[in-house]
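Engineer: Have a look; sequence and predicted model below, questions after that.
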Amino acid sequence: MDLVGKITNASKRIRPQVRYTPLEYSMALSRICGAEVHLKCEHLQETGSFKFRGATHKILSLTDEQRQQGVITASTGNHGLAVATACRRLRMNATIFTPETASPAKLDHIEKLGAILTKVPGDCLNAELTARKTAESQGITFISPYNDIDVIAGQGTVGLEMFEQCPDLETVFVSVGGGGLISGISVFLKAMNPDIRIVGCWPENSAAMYESIKASRIVDAPEHPTISDGTAGPVEPGSITYPLCAEHIDRHVLVSEQKIYAAMGLLAEHERWIVEGAAGVALAALLKHPDAYKGGKAGVVLCGRNIVLEKFLSVISTPQAVQTP
């Protein structure tokens, strides 16, 4: 599997629908961390997250007949929003299976884009399995949030852009859920620079891929509420992201909810950016062990901004969020 080649081709295929997002140097965070910190601004991507890359690439990879049939997917928000937006632009039908506990604000937005929502009892994994089974029975394309090579290639264009923007990055921090984003980024960057360090970042309350890597197989992991809802949930059995993550992630960092709050607060204070919890996880991982990266060049992927305003304001007003580490 030539994933590097697929990522390179994906970068060409998704233009101009998908934005080439900036890699911003942060003077304030560089001072705090003692490293040269560059922020990959996927929160400025269309639909507010990196998910638009993978969804767009997958849909553009379909045949005309497949597009006419429409697509089915499963999502707690960002992936569903991305699929719904891409389908709306191409005048395609999209059905999105979602856990009953998904954010009402995100689901409302998805419905307004014209997608059909089907709520499923249980967690994200149950929604994924139900959606895949339904798609197979109806002969319709299923678009996994992460367990799909075309989706991974689309997400990997984040890494391609980072290499073009700053080829001498030494360490890159990426939040991990199902592993689609970090799989694509790590494969591409390591092909360009085998010495680069890829840091997988998880909230302590939900770290399914981390626990699976530790166990050397995909396992069920304890799940607790987290502000990083974009990375929460189990990993689908047999996911192609598991071996990619196991092979290419160099360091594994878990962060507390308080540290995530603090990272989100710092980005609001110094960069004037609203980001969701999953984006805060990546920065929190750098802030947890800044001495390990002192004097180097670090890239932090800010994967999304889709958070309800009231929740964001509540998070950054906590004592933990207003204290500089």
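Structural biologist: That came through, no problem. Numbering: from 1, shown residues only.
Engineer: would you list every one of the helices in the stretch 101-250 of the chain?
Structural biologist: 104-112, 124-138, 149-165, 180-192, 208-215, 241-248 (DSSP state H, counting those that start in this stretch).
Engineer: Switch those helices over to JSON lines; also include mean pLDDT, distance to V199 and mean neighbour count.
Structural biologist: C-beta here means a position set from N, CA and C on the backbone, and glycine is covered the same way. Formatted as JSON lines, these follow (pLDDT from 0 to 100; distance: least, CB to CB, whole Å; neighbours: other CB atoms under 10 Å):
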{"stretch": "helix 104-112", "mean pLDDT": "84", "distance to V199": "27", "mean neighbour count": "16"}
{"stretch": "helix 124-138", "mean pLDDT": "91", "distance to V199": "24", "mean neighbour count": "18"}
{"stretch": "helix 149-165", "mean pLDDT": "98", "distance to V199": "13", "mean neighbour count": "25"}
{"stretch": "helix 180-192", "mean pLDDT": "98", "distance to V199": "9", "mean neighbour count": "26"}
{"stretch": "helix 208-215", "mean pLDDT": "97", "distance to V199": "12", "mean neighbour count": "20"}
{"stretch": "helix 241-248", "mean pLDDT": "98", "distance to V199": "11", "mean neighbour count": "19"}
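Engineer: closest to K259 out of these?
Structural biologist: When these are compared by CB to CB, helix 208-215 sits nearest K259, at 15.6 Å.
Engineer: and the closest one, what other elements does it pack with?
Structural biologist: Secondary-structure packing of helix 208-215 (3 or more CB pairs under 8 Å, 6 or more residues apart in numbering; DSSP states H and E): strand 197-203, helix 241-248, strand 251-255.
Engineer: got the ones you listed as JSON lines, with distance to S61 columns?
Structural biologist: Shown next, in JSON lines, are those (distance: least, CB to CB, whole Å):
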{"stretch": "strand 197-203", "distance to S61": "26"}
{"stretch": "helix 241-248", "distance to S61": "18"}
{"stretch": "strand 251-255", "distance to S61": "31"}
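Engineer: Show me the one of these that comes nearest L62.
Structural biologist: helix 241-248 (21.0 Å).
Engineer: quick one, that closest one and strand 251-255 angle?
Structural biologist: Helix 241-248 and strand 251-255 meet at an angle of 110 degrees, taking axes from the mean of the first three to the mean of the last three CA atoms, to 10 degrees as the criterion.
Engineer: hmm, who's touching helix 241-248?
Structural biologist: Residues from elsewhere that reach helix 241-248 (CB atoms under 8 Å, 6 or more residues apart in numbering): 146-147, 152, 176, 178-180, 182-183, 186-187, 190, 198, 200, 209, 212-213, 216, 218, 235.
Engineer: what's the distance between that helix and the middle of its chain?
Structural biologist: In terms of CA atoms, centre = their mean, to the nearest Å, the centre of helix 241-248 is found 15 Å from the chain centre.
Engineer: what's the answer for stretch 6-15, then?
Structural biologist: For stretch 6-15, the distance to the chain centre is 18 Å (CA atoms, centre = their mean).
Engineer: what about T98, distance to I140?
Structural biologist: Counting by CB to CB, to the nearest Å, the gap from T98 to I140 is 17 Å.
Engineer: From the neighbour counts alone, determine which of those two ranks first.
Structural biologist: Set T98 next to I140 and count neighbours by other CB atoms under 10 Å: T98 wins out with 24 against 16.
Engineer: you'd agree that one is in a strand?
Structural biologist: Yes - assessed by DSSP: H, G, I helix; E, B strand; the rest coil, T98 belongs to a strand.
Engineer: Check which helices and strands the helix or strand of the chain with the lowest mean pLDDT sits against.
Structural biologist: Within the chain, confidence by mean pLDDT, DSSP states H and E is lowest for helix 104-112 among all helices and strands, at a mean of 84. Identification of packing neighbours for helix 104-112 by 3+ CB pairs under 8 Å, 6+ apart yields helix 78-90, strand 116-120.
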